[in-house]
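Visitor: Need a 3D model of the sequence below.
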Amino acid sequence: MSKIADIIKYEGDNSTFIWKHPCEDFNSLTQLIVRESQEAIFFMNGQALDMFGAGRHTLETQNVPKIGKFLNRTTGGDTPFHCEVYFINKTVQMAIKWGTDSKIRFIEPSMGIPLEIGACGEMNLEVCDSRKLLLKLVGSMNGIAWGDSGAGFTKSIQHCFRPLISTAVKAHLVSSIKAQNIDILEIDENLEMLSKTMLGRIIGGFEEYGLTIPQFYITNIALPENDPNFKRMKELYTVSFQTRMIQADALVKTANCK
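Guide: As a prediction, the model looks like this:
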């Protein structure tokens, strides 16, 4: 028989969203320690039972009614039982990078020039529904983190949600640029507005799995600087700008002569 745990506490790192305690055998007076910005969920017989917030908790029947009904109390509080404990990290995970997996086709509306652009950025991610995330995404794994380098985790949130982010951005970025009449050569001036628009398109898919996105940022729109079409468009833009300047200067001179 494996060693029965007397104290259950989080031993993962700060980048992990959900971490499963390696010990699964406890007694009915085990101490559970949950840190600030954490929650702990107990599973028994495949069922998600009680959830615990920050503090020190003793696994007694009167304190833990859902667990207590499973326990045999005939041995004075020392009855061992088999249970799984998951710790959920509720802190906001900052500066998580994202990017489109391929180029986005964009037809420049004023000149009809086809271009291929890309987009990347960062976002902040937070657990908003621990039970939902645990049941829908983690399953029977040892936990889950954003990247693939978690402690033996077989799946990452990044891997799960990369298609959602990439598809949403590719589907709506171009239409948002056109709807706002944004000149592609002045795109950097509109990144904040575009970021808010893309957040609205993406957040629902995360919330379905118990996650939320406090902030979402497009930090760069990659323009095809080496594309002959793009170079030609910039040349035409420069010529058009110079023409407008000449016309404006002529109007000023005419007005001054009157």
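Visitor: Please enumerate the helices of the protein.
Guide: Counting by DSSP state H, the chain has these helices, from start to end: 65-68, 130-133, 157-179, 191-207, 228-257.
Visitor: Figure out which of those helices is closest to Arg56.
Guide: helix 65-68 (16.0 Å; C-beta to C-beta). Backbone N, C-alpha and C define where each C-beta goes, glycine included.
Visitor: Nearest spatial neighbour of Leu236, chain-adjacent residues omitted?
Guide: With sequence-adjacent residues excluded and distances taken as C-beta to C-beta, 6 or more residues apart in numbering, Leu236 is closest to Met111, at 6.5 Å.
Visitor: Would you mark the buried spots in stretch 118-135?
Guide: Within stretch 118-135, the residues that qualify as buried are 118-119, 121-123, 125-130, 133-134, counting by 16 or more other C-beta atoms under 10 Å.
Visitor: Neighbours of the nearest residue to Lys196 once chain neighbours are set aside, how many?
Guide: The spatial neighbour of Lys196 that comes closest, neighbours along the chain excluded (C-beta to C-beta, 6+ apart), is Phe216 at 7.9 Å. For Phe216, the neighbour count with other C-beta atoms under 10 Å is 23.
Visitor: so what's Phe216 up against?
Guide: Under the criterion of C-beta atoms under 8 Å, 6 or more residues apart in numbering, the contact partners of Phe216 comprise Gly121, Met123, Asn124, Ser195, Lys196, Met198, Leu199, Ile202, Ile203.
Visitor: so what's the third one scoring on pLDDT?
Guide: The confidence metric pLDDT takes the value 95 at Asn124.
Visitor: how far away is it from Phe216?
Guide: Counting by C-beta to C-beta, to the nearest Å, the gap from Asn124 to Phe216 is 8 Å.
Visitor: And the first one, by the same measure?
Guide: Plainly put, Gly121 is 7 Å away from Phe216 if you go by C-beta to C-beta.
Visitor: returning to what we had before: format the buried residues of stretch 118-135 as JSON lines; extra columns: distance to Arg232.
Guide: As requested, the buried residues of stretch 118-135 are exported to JSON lines (distance: C-beta to C-beta, whole Å):
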{"residue": "Gly118", "distance to Arg232": "20"}
{"residue": "Ala119", "distance to Arg232": "23"}
{"residue": "Gly121", "distance to Arg232": "28"}
{"residue": "Glu122", "distance to Arg232": "33"}
{"residue": "Met123", "distance to Arg232": "35"}
{"residue": "Leu125", "distance to Arg232": "41"}
{"residue": "Glu126", "distance to Arg232": "45"}
{"residue": "Val127", "distance to Arg232": "49"}
{"residue": "Cys128", "distance to Arg232": "48"}
{"residue": "Asp129", "distance to Arg232": "51"}
{"residue": "Ser130", "distance to Arg232": "54"}
{"residue": "Leu133", "distance to Arg232": "49"}
{"residue": "Leu134", "distance to Arg232": "54"}
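Visitor: Give me the subset of the residues you listed that lies in strands.
Guide: Gly118, Ala119, Gly121, Glu122, Met123, Leu125, Glu126, Val127 (DSSP state E).
Visitor: just curious, which of the residues you listed is nearest to Leu49?
Guide: Using C-beta to C-beta, Val127 is the member of those that lies nearest Leu49, at 18.8 Å.
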